[in-house]
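Q: Could you work out the structure for the sequence below:
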Amino acid sequence: DLLQTRRVVEAGQDAGAYDCSYPSFIDAYHILSRNMERSGDSVFMMLCTLVDYEGKLIRNEEKRNGRSEALASAIHLSLRQGDVFCKYNASQYLVLLTGTSREDCDTVYRRIENKLKDLAGNRAEMKYSVVSLAELKQPA
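A: A predicted model of the protein is given here:
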């Protein structure tokens, strides 16, 4: 029964952004990109990178892994249920933000960074870059 299947699927969901595997993220990217063309909604892709206090990648594996887990939690807790993210590598996460403006992306970054500091301490730092999916679809 379709209703029961829906209940089972929704039981595994909670508030916050959807954490998925990289292949699932790519699928979500393609779906949102196609929907964006039809609906006119804006979609931005954000790359969040863990750095040390000097803005360099964290070399200490134990520290990097702990901060990476904290960043995943910060992203999940800071974003909306309709947003999608995945771990890209040991220091980076990709995020798809739907229905936002470029200016909103800076607000989202600050929200994630503040939550990261709450979870991992004041010395936890990250940087980000953002691009519109519409820009990515334009021919070079």
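Q: Wasn't Y88 part of a strand?
A: Yes: when classified by DSSP: H, G, I helix; E, B strand; the rest coil, Y88 is found to be part of a strand.
Q: quick one, what contacts it?
A: Under the criterion of C-beta atoms under 8 Å, 6 or more residues apart in numbering, the contact list for Y88 reads Y22, L47, L94. The way it works is simple: take the backbone N, C-alpha and C, and place the C-beta from them, glycine included.
Q: which among the residues you listed gets closest to M36?
A: Taking C-beta to C-beta as the measure, M36 lies nearest L94 of the contacts of Y88, at 16.5 Å.
Q: show me what contacts that closest one?
A: By C-beta under 8 Å, 6+ apart, L94 lies in contact with Y22, F25, M45, M46, L47, C48, F85, C86, Y88.
Q: and those residues as JSON lines, adding pLDDT, secondary structure and distance to S129?
A: JSON lines is the format used below for these (pLDDT from 0 to 100; DSSP: H, G, I helix; E, B strand; the rest coil; distance: C-beta to C-beta, whole Å):
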{"residue": "Y22", "pLDDT": "97", "secondary structure": "helix", "distance to S129": "18"}
{"residue": "F25", "pLDDT": "96", "secondary structure": "helix", "distance to S129": "16"}
{"residue": "M45", "pLDDT": "95", "secondary structure": "strand", "distance to S129": "9"}
{"residue": "M46", "pLDDT": "97", "secondary structure": "strand", "distance to S129": "7"}
{"residue": "L47", "pLDDT": "98", "secondary structure": "strand", "distance to S129": "5"}
{"residue": "C48", "pLDDT": "98", "secondary structure": "strand", "distance to S129": "9"}
{"residue": "F85", "pLDDT": "97", "secondary structure": "strand", "distance to S129": "15"}
{"residue": "C86", "pLDDT": "97", "secondary structure": "strand", "distance to S129": "16"}
{"residue": "Y88", "pLDDT": "98", "secondary structure": "strand", "distance to S129": "12"}
